[in-house]
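Asks: everything below, folded, please.
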Amino acid sequence: MTASLPRVQASEAARGLIRQLQGQHGELLFYQSHGCCAGSAPMCFTVQELKPSAGDRLLGRVEGVPVYASEAQCDYLAGLQMTLDVAPGNSGSFGLEDGSGQHFVAHFRLWNDEEVPLLEPITACAA
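Replies: Take a look at the predicted model:
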């Protein structure tokens, strides 16, 4: 059986910030927003703060943390590898990292033809 490719990856800096936030807040999740003004950004919440809806999809996991997006956003993201990273400065978002002096960002690249058949599936969330 061939190993599948994760749709979401993370830089070591992002993994470090995730572990720090897990230590401070417990169980986390990411939601890839698609707002008009601030653009698209990965936002980190505790699982108590945001409950995925039936219209959301699970893109993957990083450090055991699920990464969700809306169904419409997933249609766009299906062709892209997402890498979570951090950048200096506060984002002014509602994410848990705000105030830490860092914020999460996402970098994207197109999948190549050899990778597409190996991708992990995007799964629906339970209502």
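
Asks: leaving out chain neighbours, which residue sits closest to R57?
Replies: The shortest distance from R57 to any non-neighbouring residue, by Cβ to Cβ, 6 or more residues apart in numbering, is to C74 (4.3 Å). The C-beta positions use only the backbone N, C-alpha and C, and glycine is treated the same way.

Asks: wait, doesn't that neighbour sit right on I122?
Replies: Yes: if you go by Cβ atoms under 8 Å, C74 and I122 touch, sitting 5.3 Å apart.

Asks: joint contacts of the two?
Replies: Taking Cβ atoms under 8 Å, 6 or more residues apart in numbering as the contact rule, the neighbours common to C74 and I122 are 57, 59.

Asks: who's more crowded, the two?
Replies: Neighbours were counted for C74 and for I122 using other Cβ atoms under 10 Å; C74 has more, 19 against 16.

Asks: what's the spacing between that one and V8?
Replies: 12 Å (Cβ to Cβ, to the nearest Å).

Asks: cool, and C44?
Replies: C44 sits at a distance of 13 Å from V8 (criterion: Cβ to Cβ).
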